[in-house]
Structure formats: C-alpha cells, structure tokens
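Trainee: quick one, fold the following:
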Amino acid sequence: MKLWKDAGSALQKLRSKRPLIHHITNFVTMTDCANATLAVGASPTMTNAVEEVEEMAAAADALLLNMGTLQHWTVDAMLLAGKAAEKAGIPIILDPVGAGGTAYRTESVLRVMQNIPVTIIRGNLSEIICLAYKKSGVNPGVDNHEKTTVDSSLITKIAQLLGTTVVITGAADAVSDGTHSVVLGNGCPMLTYVTGTGCMTTSLIASFAAVTDPFTAAAAGTSVMAIAGEQALADGGNAGPGSFHQLLFNSIYQFKADSFNLYGKVLIENGTK
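Mentor: Presented below is the predicted three-dimensional model:
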C-alpha cells in the first residue's frame, strides 16, 4: 500500500541524510531516546540548557519536546527552541507526558501548544484527550486511564480539534492529520514492561519528520516501534523485560525499508476496514 511505500522511502532517506534531532526531553528515558534515534539512523542531541537551545534548534532538522520530567525552566527552554525551530522551518514534535495529571503540567503543555506551531503530537489516549478537551487533574501518572476504544472517527475528531497531526499509542495505535486517518495493528504487550517505549516512539517519529511529511512520519515512527517490538519478542525477548529491551534496539537497527510492507498492519484507514 502507498503508506508503507512512502514509509520505506522515508527510512532510506533518513539513513542517507542522518538528520540531527534536537531533544528537550525526559531525564528518565533520555539515554534510550538517544539510542533509538541512533538505531533508526538519525543523530540525537539532548541539549536542554536555556542558554543554548535556540542555537541548537536552529541547526537541527527536527525538534522534539517531551514534558516527562517537567522543571521550572523546561517550558522556557521549549518556547525558545520552538521559536527558533519555527523560524528555521523545521518540524516540532510534542510528547505531552502525564498531561492531565496536575494543573501545572497541563497548563505547561497547553502554553507550549499555544505559542509554537506543533507539527505532530504523540501520547496515550488519556494525555491526548486531556489536551483536546482541556481537562486537568484526571490522569495521575503517565499511563493511560481511558477505557474508550480508539477508532478512526475519534482520532480524526481529536486531530481536527488540535489542528495538527496526532498519534495515539496503546493497544492499537492510531494516526490522523484531521483528514487522513489510520488505525494500526502491530505491537506486543512486552512494550508496556519497558519504561520509555512511548518516549522512544516519539524520537522515531521525530527522526522521520525530518525527512518526510507529518502523516507519513507519524505512521512510520509508530510502526517501527511496534514491529520492532514484535520482532524482539520473537527473537527471545519473551524471557523478560531485560532481554526484550536489548533486543528492541537490535530490531530497530535491523529494520529495513520493506519491513513496513512485509509486517505492517493497517486495521482501519479513513473508517474502512
């Protein structure tokens, strides 16, 4: 299908170009995000000092903003980097970790969204619903607490409300730019036993966003993580989270352009199974 052909072409371009991905990200998962970025073929920088984020963002090919370990200076750094990225014309990818958990966290994410043009937002259903409907205090922690099933109509509506490309990851992953929507069927339960697989997915999306359009980048980055998880599990990752974690990076590194077409599963596209 066209989506997988476009994703495969983007992967080849990514590995040829080796784009620089500027992360202002979660301290808990920073190393894994850097390693996932390297494994897929891009180059990470984890620069977060307020004094240098503008310069770094201006030199990068994509900017990733992750709210995971929110500090008093985090939003200032993100806004400075975001304005520099906007001026440079590079994509900005937002991971609203824990949005909805506290008023401060939710307000901080919304402030970023209101002041810089976010290209792609990736989060779990709880986080994304919080942003779409401006809820707060409803999602303690970083795990999904929503029981709603993600379908193409829901993800399309949310993308339209937020005015950008949206990725919801979970038992089924969904992507929409408000017009084109897909529900994807890859993944494995072991991904939930390794902290940071969501953050790493955002790093993969940002890597693709540096070389292709937002919808293709969102679907490609999400699918690389989900398919790599399946392959890591099949290669011996079922022994436990430690083995799975190691094999996951191998699977991302070994991912090929035709892996999308061979293993990718689209359950629903624009409302059609």
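
Trainee: got a list of what the residue sitting nearest the centre point of the chain touches?
Mentor: To find the centre residue of the chain, average its C-alpha atoms and take the closest one (Cα atoms, centre = their mean): that gives Thr202, at 2.2 Å. Counting by Cβ atoms under 8 Å, 6 or more residues apart in numbering, Thr202 makes contact with Cys33, Leu64, Asn66, Ile93, Asp95, Arg122, Gly221. Glycine gets a C-beta too; all of them are placed from N, C-alpha and C.

Trainee: rerun that using 6 Å as the cut-off
Mentor: Under the criterion of Cβ atoms under 6 Å, 6 or more residues apart in numbering, the contact partners of Thr202 comprise Asp95, Arg122.

Trainee: Gln12 versus Asn35, what's the distance?
Mentor: Between Asn35 and Gln12 the distance, using Cβ to Cβ, to the nearest Å, works out to 21 Å.

Trainee: these two - which one has more neighbours?
Mentor: Neighbours per residue (other Cβ atoms under 10 Å) separate Asn35 from Gln12, with Asn35 holding more: 17 against 13.

Trainee: now do the SS call for the more buried one.
Mentor: Per DSSP: H, G, I helix; E, B strand; the rest coil, the local secondary structure of Asn35 is helix.

Trainee: can you give me the strands for the stretch 151-273 of the chain?
Mentor: Counting by DSSP state E, counting those that start in this stretch, residue ranges of the strands within the stretch 151-273 of the chain are 165-168, 173-176, 181-184, 266-269.

Trainee: would you turn those strands into TSV with mean pLDDT and mean neighbour count?
Mentor: Conversion of the strands of the stretch 151-273 of the chain to TSV gives the following (pLDDT from 0 to 100; neighbours: other Cβ atoms under 10 Å):
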stretch	mean pLDDT	mean neighbour count
strand 165-168	98	28
strand 173-176	97	28
strand 181-184	97	23
strand 266-269	92	16
